[in-house]
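> Sharing a model that was predicted from the sequence below.
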Amino acid sequence: MREPELHRVVHTMGTVFSCTVRAEETPGLRRALDAAESTLHHVDEVFSPFRPDSAVNRVRQGRPVPEEWQPELSEVLALCADAHRRTGGRFAAWHSGVFDPSGLVKGWAVERAARLLRAAGAEHVCLNGGGDVQLYGGPWRVGITHPLRPGSCAAVVESPGGPLGIATSGPGERGRHIVDPHTGAPPTDGLASLTVTGPSLTEADMLATAAYCMGAEARGWLGTLPGVAAFGVMSDGRTWTTGKG
């Protein structure tokens with residue numbers, strides 16, 4: 001008998017978040033879904049570069065950040081600093097003096113929201129935020145959109161158990177928004193999209209952003225990282241994989 005599924009769709013951060021939980025509906029799980037939705041809206045309130053009173057814009061303008069936001073801001077700043085160090089500066093939350101942690105925050109938010117559902121007893125969770133996915137339990141099959149053929153899949157990621165984070169970087173959803181900190185311009189080195197998988201979506205999101213900026217160097221660099229797999233689509237349609245998917 002097929003396990004029942006609960007669904008929730010949330011519109012925030014300029015994209016669509018969809019959640020599927022395979023479980024019987026209970027009051028506790030409903031509350032967890034509500035809490036997960038509230039978490040996503042809250043992260044948008046705190047970290048959106050488009051909200052004039054967000055923490056991001058307060059940092060940019062040298063204005064004080066509300067005390068209740070400071071622990072989250074400190075956590076994200078620490079994650080960004082660590083990512084900058086580990087990627088040789090390919091991941092940067094500061095661009096030309098402007099603070100923007102967007103390359104990490106969405107994955108971090110999705111992973112936080114998914115953990116709330118796990119803590120409420122949901123063993124099988126799929127939370128997708130604009131193509132960045134955190135999985136628990138399973139089995140799950142997640143299609144990777146082909147950047148050159150709209151409406152088709154370039155690959156399918158299968159997860160028999162999880163946890164598994166899946167993050168894709170490229171111009172497909174938001175245009176050429178990713179900037180290489182080394183050049184100050186969008187990458188032009190042949191990658192149409194890059195998908196990275198690993199246990200943590202926060203980690204996968206950061207790695208996908210940094211590696212996309214590396215272009216041709218991405219495959220070799222990602223191949224040295226334990227527990228990480230990657231799938232790249234080149235601008236001429238060729239594909240490559242590295243690690244254990």
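Happy to help now that I have it.

> from here on, contacts and neighbour counts on C-alpha atoms
OK.

> Show the subsequent helix or strand relative to the helix or strand bottoming out on mean pLDDT in the chain.
In the chain, no helix or strand scores lower on mean pLDDT, DSSP states H and E than strand 94-95, which sits at a mean of 86. For strand 94-95, the following helix or strand on the C-terminal side (DSSP states H and E) is strand 98-99.

> Direction included, what does that following strand pair against?
Within its sheet, and counting by DSSP bridges, strand 98-99 is paired with strand 94-95 (antiparallel).

> where exactly do the helices run in this structure?
27-47, 55-61, 70-86, 102-119, 201-214, 218-222 (DSSP state H).

> Just the residues contacting the fourth one, thanks.
To tie it back to what came earlier, the one meant is helix 102-119. 29, 32-33, 35-37, 39-40, 43, 47, 76, 80, 91, 93, 125-129, 132-134, 136, 167, 200-206, 209 (CA atoms under 8 Å, 6 or more residues apart in numbering).

> rerun at 7 Å
Contacts with helix 102-119, where a contact means CA atoms under 7 Å, 6 or more residues apart in numbering, come from 32-33, 36, 39-40, 43, 125, 127, 129, 132, 134, 201-202, 205-206, 209.

> just curious, which of those residues is nearest to residue 140?
residue 125 (9.1 Å; CA to CA).

> which residues does that closest one bridge with?
residue 21, residue 136.

> was I right about it contacting residue 20?
Yes. Contact status for residue 125 versus residue 20: in contact at 6.0 Å, counting by CA atoms under 7 Å.

> Between these two, point out the one with more neighbours.
Per other CA atoms under 10 Å, whichever of residue 125 and residue 20 has more neighbours is residue 125, with 25 against 17.

> Check the gap between that one and residue 30 for me.
14 Å (CA to CA, to the nearest Å).

> Same question for residue 41.
Distance from residue 41 to residue 30, by CA to CA: 17 Å.

> same deal with residue 212?
Counting by CA to CA - residue 212 and residue 30 are separated by 37 Å.

> Go ahead and flag the most central residue of the chain.
Central residue check for the chain by CA atoms, centre = their mean: the C-alpha nearest the mean position is that of residue 107, 2.9 Å away.

> Was I right to think residue 139 contacts residue 160?
Yes. With contact defined as CA under 7 Å, residue 139 reaches residue 160; the gap is 4.2 Å.

> returning to that earlier point: what pLDDT does the model give the residue nearest to the centre of the chain?
On the pLDDT scale, residue 107 is placed at 96.

> same deal with residue 171?
59.

> Over to residue 135?
98.

> That one touches residue 123, doesn't it?
No. Using CA under 7 Å, residue 135 makes no contact with residue 123, being 9.8 Å away.

> what bits of the chain have low per-residue confidence?
Where the chain drops to pLDDT under 70, the residues are 1-2, 171-189, 244-245.

> Residue 135 and residue 123: which is more packed in?
residue 135 (29 against 17).

> Okay, the more buried one and residue 158: tell me how far apart.
10 Å.

> what's the answer for residue 200, then?
16 Å.

> Neighbour count for the two, which is higher?
residue 200 (21 against 15).

> what residues are up against the closest residue in space to the more buried one that isn't next to it in sequence?
Take residue 200 and drop its neighbours on the chain: the residue closest to it by CA to CA, 6 or more residues apart in numbering is residue 165, 5.0 Å away. With contact set as CA under 7 Å, 6+ apart, residue 165 has these partners: 133-135, 197-201, 204.

> No further questions, thank you.
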